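1. here is a sequence together with a model predicted from it:
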Amino acid sequence: MARRRTAVGVSVAAMSVRDTIFALSSGRPPAAVSIIRVSGPAAHHAGEALAGRLPLPRTAALRQLKHPQSGELLDEALVLRFDSPASSTGEDIVEFQCHGGRAVIDSVLGALGSLDGLREALPGEFTRRAFENGRIDLTQAEGLADLIEAETEVQRKAALASAEGRLSMQIELWRERLVVLSARAERAIDYDEDDLGADEALLSECNEVASELQDWLLRPRIDPLKDGVRVVVAGPPNSGKSSLVNAIAGSERAIVTDIPGTTRDHIEVPLAIGGLPILLIDTAGLRETTDTVEAIGVERAAALTQSADVLVWLGQPQAAPNHPRLIRVHARSDLPERRRPPLPLGSVPVSSVTGQGLAELMNQLRTTVKTLLPSEGAIALNRRQAALIEEAAVALRDARNAELVILAESLRRARSAFDRLTGRAGVEDVLDALFGRFCLGK
Amino acid sequence: MFDVLVIGAGHAGCEAAAAATRRGARTGLLTFRAQDAGQMSCNPSIGGVGKGHLVREVDVFDGLIARAADRAAIHRRMLNRTKGPAVWGPRVQADRAVYQATIGELLRENGAELVIDEALRIMTRGGRVAGVETTTGAVECRAVVIATGTFLDARMFIGDKILRGGRSGEQASLTLAGQIRDIGLGQGRLKTGTPPRLDGRSIDWARLEEQPSDCADWTMSAFGDRVRQPQLRCAITRTNARTHKIIEANFARSPLFAGAIEGRGPRYCPSIEDKVKRFAGRDTHQIFLEPEGLNDPLVYPNGISTSLPADVQHAFVRSIEGLESVKIVRPGYAVEYEYVDPRRLNATLEVREMPGLFLAGQINGTTGYEEAAAQGLVAGLNAAARALDLQEVRCDRRSSYIGVMIDDLTLQGVNEPYRMMTARAEYRLSLRADNATTRLGSAALAADCVSERRRRHIEDHLTRRSSADWPQTDEGRADALYAPYVERQQREWEVVRRDSAVWLPRDLDYAAIPGLSTEMVERLSAAQPETLDHASRVPGVTPAALSAVYVAANRRAAA
């Protein structure tokens, strides 16, 4: 009954080791400025490794951040220093206020992770340390935890405040059904003298719940709303990917906050098309690779294509990768040799130079992207919720064709997933349901 | 002077005395009457789902219950055959007389000394147990196990008749009950009931559905050398609309509904009047007619425990098919008794505030022979440990039903009689009745409480597990069947184990921990968790409270 664990689902005792932890403690990139915090006994050491001499306690200084091993320049950042116990966690702290691009943040986090004794913080761990070191009391800790939650899900809270209540209700309905099914299985195990084998009705109800959960998992998620729908532009070298990306970005006057360096293996452009959040991904960075590196590049492109919510393909139509949401583009349609009919059927002819076809492409993009976003006011799952519901669905599917005690175990697993979803506990609920609904005993 | 003195010779007491003796303690077993040792005062069956698991576990430590059950078995059934080996429940109907005789014999073999007397008071010296005062004088000892079952200030109800006593025709321990209350252990009252006993010769067996004994050759004890008794048949009958009507018409005469009984009864073993009232929609309830012995015409009608007046019992029983002209030998009755709050005990079943005092069995709020025997085993082994300064024996939830039960009792307490159910064991798939030796063999050897024969059996068994033919054995096949699930549970267990390593000091003052709400302080103070993992399983304790406790414990450790 591993229940009622800590708020973040991590064993309390696991926290006892005093690692030095770090994390991006401002909101998701891209942003104008991002704050990366390091807390723990090795924090000052880590700060020096990246920024050189640290400023005096409780003061800030501008420093160049360099990778401790390669010496590569990562960013120019404002560095702050706090000494234990006069810090928000009660430990030594170094804070980097960096430029808010994803590439910069990734590189600084990567550099910190390469240092001995440092690890990325678990959710809520800074707050926990503050609490453990007596910097804040319990009420404050709980309040802060809420606040942190709200910060990362601010869009969700704003957009779907009303839907949230309905989601909780839906989750509660499922949970109750699982409790009743569990109680039925447990009753059959602990009290049925008749040894009649599988309970078909019970099995089919489990399947029913499983397929309902599966339906929900297919619905649009909340995360694309926050992070943008991943639209990957792919195709062979020199097929016009970058030009197309620039054309799309330009035509929409999108706010492009991330101008990455060529060292990145791909380019991500967050933008909004018709108010829909999109993360436009250009696989261009991969094209100039050769030899063995080429192989790695192809692999990465394949991975990106895999992770695409929408795939925009610029190569030969018949060479397009298999993808459920594929838009074929006949790029560089202004070139004479590409203007000659017959134009490939089902491909949108687009010229990044003249802008011809761009409106049609944007239209198709909008329509496709829309199907991936929850409609306004609809109930949508976030990644965590989806993962837990998936866990429950998988557990229930496992139960098919199994003996009763394994079915009961599957139900227990499914309930445990829901318990973690809602923070509620289990066994007593089942026993209550068991005793409340059935006449037991001989 | 004894090392260990056990008060009460029921299933907990006998097992405790035998266990203490096996660890080398000079042990006395104190009882009102010699013939009471090992008496089955309720249903003559032993084992079942969850309970059978307990019996097999006690057997690994060379306990008595499995061997006695095998020798007395007159009907055997392996329950849950189709539901998976994890929940197979071996159960036997035992001949009452043979069972009792066997327990007496095993006790004598074992060397525990019977002391016929009544315990009046626990004597203490410097806050520790020093002996027991009886009606004839003082008996000194280093550790005491109280296993008085329902006998603490017990009251019996048959309709509006109220008698003092824990079992039909026997006395109750009033003085001892007073002292237990004085120590502050008293918690409340619970209720249990029995059905009327029928004369089997007046039952029309021919009209009833038979329930034959299993043909398969299995035994409760790992030592399958039972004296095979002739196997009898049980039968099944059912209540009907007329039965229910008779019962309904007499609700007012039931001490249960009239409010005379204040103790809470088990929800899973309700009296027939309770069933008729709470499940008014059901027009019939099953009754199992179980013979009590080979040379005994008594039949136990399992399913109709009642405290209705004798004349009502007579009327409703005779409305049932096959029982139309049945003779009631003894009417059913309800017993209300005092129990202590098991949260005052630690995992060795020793009272926290009084070193040397152990409690086992129904007094801790449980019900059932198997539950009692398992606690008796743990209390006896640890009472010997206390008296002779040996290693404590603790069982955990991961590896035994005994561990599940003691963990539930000492952490969560009870508010209705506690019965073992497999639903209570989250690691159920690895806690099977067929692998008790695998799970507990090493612990039994470490406790140094087993015979030479058992030692060899355990060692052989553990060696065989790594042999090539293991996957072809029943146990090996079940291991393979559940392996993927058990692996997943192993990961869950790791979390528990980590938190178990965080010990909470006994004198931790929860009220002084900043940030704990009054409710949390109350829950934690009552439960007195020994580790952080225990604290996490105290009902209602929040993650936030856990962190506060964790920090406080850490500060203490650092200071």
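-> Structure's in. What do you need? Numbers count the residues shown, from 1 in each chain, chains lettered A, B, ... in the order given.
2. what is the neighbour count of residue 362?
-> Let's take chain A. A count of nearby residues for residue A:362, using other C-beta atoms under 10 Å in any protein chain shown, gives 18. Yep, even glycine has a C-beta here, placed from its N, CA and C like the rest.
3. that was the other one, I meant chain B.
-> Residues contacting residue B:362 under the criterion other C-beta under 10 Å number 30.
4. so it, which of the three states?
-> Per DSSP: H, G, I helix; E, B strand; the rest coil, the secondary structure class of residue B:362 is helix.
5. so what would you say the end-to-end distance of stretch B:126-144 is?
-> Separation of the first and last residues of stretch B:126-144 by C-alpha to C-alpha, to the nearest Å is 15 Å.
6. break the chain down into its domains, please.
-> Since no chain was named, I'll use chain A. Under the assignment named as automatic domain parsing, the residue ranges that make up the domains of chain A are A:13-152, A:155-221+A:382-437, A:224-370.
7. chain B was what I was after
-> As recorded under automatic domain parsing, the domains making up chain B are B:197-333, B:510-558.
8. now for the closest residue to residue B:454 other than its chain neighbours: which residues touch it?
-> The shortest distance from residue B:454 to any residue other than its chain neighbours is 5.0 Å, reached at residue B:62 (C-beta to C-beta, 6 or more residues apart in numbering or on different chains). Applying C-beta atoms under 8 Å, 6 or more residues apart in numbering or on different chains, we find residue B:62 in contact with B:22, B:444, B:449, B:450, B:451, B:454.
9. do that again at 6 Å, thanks
-> If a contact means C-beta atoms under 6 Å, 6 or more residues apart in numbering or on different chains, then residue B:62 has B:450, B:451, B:454 as its contacts.
10. top of those residues by neighbour count?
-> Most neighbours among those, by other C-beta under 10 Å: residue B:454, with 22 neighbours.
11. would you agree that one falls within a helix?
-> Yes. According to three-state DSSP, the state of residue B:454 is that of a helix.
12. and it, what pLDDT?
-> You'll see residue B:454 listed with a pLDDT of 97.
13. rewinding a little: ranking the domains of chain B by mean pLDDT, which is last?
-> Out of the domains of chain B, the stretch the model trusts least by mean pLDDT is domain B:510-558, with a mean of 77.
14. buried set for the helix or strand where residue B:246 lies?
-> Under the assignment given by DSSP states H and E, the secondary-structure element containing residue B:246 is helix B:241-249. Residues of helix B:241-249 classed as buried: B:243, B:244, B:246, B:247 (neighbour count, 16 or more other C-beta atoms under 10 Å in any protein chain shown).
15. which one of those sits closest to chain A?
-> The nearest member of these to chain A, counting by C-beta to the nearest C-beta, is residue B:244 at 12.5 Å.
16. any idea how far that closest one lies from residue B:40?
-> Distance, residue B:244 to residue B:40, by C-beta to C-beta, to the nearest Å: 30 Å.
17. mind jotting down where the strands sit in the stretch 1-150 of chain B?
-> All strands of the stretch 1-150 of chain B, identified by DSSP state E, counting those that start in this stretch, fall at B:2-7, B:27-31, B:45-47, B:73-79, B:89-94, B:113-116, B:119-125, B:128-134, B:137-146.
18. elements contacting the second one?
-> Think strand B:27-31. strand B:2-7, helix B:11-22, strand B:113-116 (3 or more C-beta pairs under 6 Å, 6 or more residues apart in numbering or on different chains; DSSP states H and E).
19. name the helices or strands packed onto the second one?
-> In terms of contacts (3+ C-beta pairs under 6 Å, 6+ apart), helix B:11-22 is packed against strand B:2-7, strand B:27-31, helix B:96-110, helix B:369-388.
20. tell me which of these sits nearest to residue B:86.
-> Comparing the helices and strands packed on helix B:11-22 against residue B:86 with C-beta to C-beta, the closest turns out to be helix B:369-388 (17.5 Å).
21. the closest one and chain A, are they touching?
-> No. For a cut-off given as C-beta under 6 Å from any C-beta of the partner chain, helix B:369-388 has no contacts with chain A; the smallest distance is 13.6 Å.
22. same thing with stretch B:78-92?
-> Yes. With C-beta under 6 Å from any C-beta as the criterion, chain A is reached by stretch B:78-92 at B:81, B:82, B:83, B:84, B:86, B:87.
23. for that stretch, give the mean pLDDT please.
-> The predicted confidence, averaged over stretch B:78-92, sits at 93.
24. mind checking how far that stretch is from the chain centre?
-> Centroid separation for stretch B:78-92 versus its chain: 19 Å, with C-alpha atoms, centre = their mean, to the nearest Å.
25. alpha carbons of that stretch, as CSV, please.
-> What follows is stretch B:78-92 as a C-alpha-only set of coordinates in CSV (Å, rounded to 0.1, in the frame of the first residue of the first chain):
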residue,chain,number,x,y,z
MET,B,78,-9.0,-26.3,-1.7
LEU,B,79,-11.0,-23.1,-2.3
ASN,B,80,-10.5,-20.8,-5.4
ARG,B,81,-9.1,-23.5,-7.6
THR,B,82,-10.1,-21.6,-10.7
LYS,B,83,-9.0,-18.2,-9.5
GLY,B,84,-5.2,-18.5,-9.5
PRO,B,85,-2.7,-20.3,-7.2
ALA,B,86,-2.0,-17.0,-5.4
VAL,B,87,-5.4,-17.2,-3.7
TRP,B,88,-5.9,-21.0,-3.4
GLY,B,89,-7.3,-21.4,0.1
PRO,B,90,-6.7,-24.8,1.8
ARG,B,91,-9.5,-25.4,4.3
VAL,B,92,-10.5,-28.4,6.5
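26. buried ones in that stretch?
-> Residues B:78-80, B:83-92 are the ones in stretch B:78-92 that count as buried (16+ other C-beta under 10 Å).
27. could you point out which element follows the biggest strand by length in chain A?
-> Counting by DSSP state E, the longest strand found in chain A is strand A:73-82. Counting by DSSP H and E, the next helix or strand C-terminal to strand A:73-82 is strand A:93-99.
28. which residues touch that next one?
-> Against strand A:93-99 from outside (C-beta under 6 Å, 6+ apart): A:33-39, A:43, A:47, A:75, A:77-82, A:87, A:104, A:108.
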